[in-house]
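Engineer: A structural model of the following input is requested.
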Amino acid sequence: MDDENRMVSIVLEDGSIDEVEFLLSFKFTDNNKEYMIYTKNETDDNGNVTIYVASIDRPEGEDPKLGGVDSEEEWTRIKNVLKELSKNVE
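Structural biologist: Next comes the predicted model:
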């Protein structure tokens, strides 16, 4: 996948459109929840790129909708996935 294909447009709650770089998506098979990891290529004070996580809802016959992460348990599972992925990068 080239960089052009990695850029996606997301519609924010206020109706504005944000261009972001898609990094990856994954699904937990036990609860069928799907997530998208993306970045706006912003860096923090330490030079680390900020990443964002959104849940993906795919209503039948409609465009996918991004949402939040509902619980601390979900966050813990997502962080574990990100930790495992970062091990493969190093």
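Engineer: tell me which element the nearest residue to residue 17 once chain neighbours are set aside falls in.
Structural biologist: The shortest distance from residue 17 to any non-neighbouring residue, by Cβ to Cβ, 6 or more residues apart in numbering, is to residue 9 (5.2 Å). In short, each C-beta sits where N, CA and C put it, glycine included. Assigned by DSSP states H and E, residue 9 belongs to strand 7-11.
Engineer: Quick one: list the elements packing against that strand.
Structural biologist: strand 17-28 (3 or more Cβ pairs under 8 Å, 6 or more residues apart in numbering; DSSP states H and E).
Engineer: who touches the next helix or strand after the strand it packs on?
Structural biologist: Downstream of strand 17-28, the next assigned helix or strand under DSSP H and E is strand 33-43. For strand 33-43, contacts defined as Cβ atoms under 8 Å, 6 or more residues apart in numbering pick out 8, 10, 18, 20-28, 49-56, 58, 66, 69, 74, 78, 82.
Engineer: let's go with 7 Å and repeat that
Structural biologist: By Cβ atoms under 7 Å, 6 or more residues apart in numbering, the list of residues contacting strand 33-43 from outside reads 20-27, 49-56, 66, 78.
Engineer: out of those residues, which are buried?
Structural biologist: 20, 53, 54, 55, 66, 78 (16 or more other Cβ atoms under 10 Å).
Engineer: Filter the residues you listed down to the ones in helices?
Structural biologist: residue 78 (DSSP state H).
Engineer: just the buried ones among the contacts of strand 33-43: which has the poorest pLDDT?
Structural biologist: Scanning these for pLDDT, the low point is residue 66. It has 91.
Engineer: who does the residue nearest to it when sequence neighbours are not counted bridge with?
Structural biologist: Nearest non-adjacent residue to residue 66, counting by Cβ to Cβ, 6+ apart: residue 54, 3.9 Å away. Note on residue 54: beta-bridge partners by DSSP bridges are residue 36.
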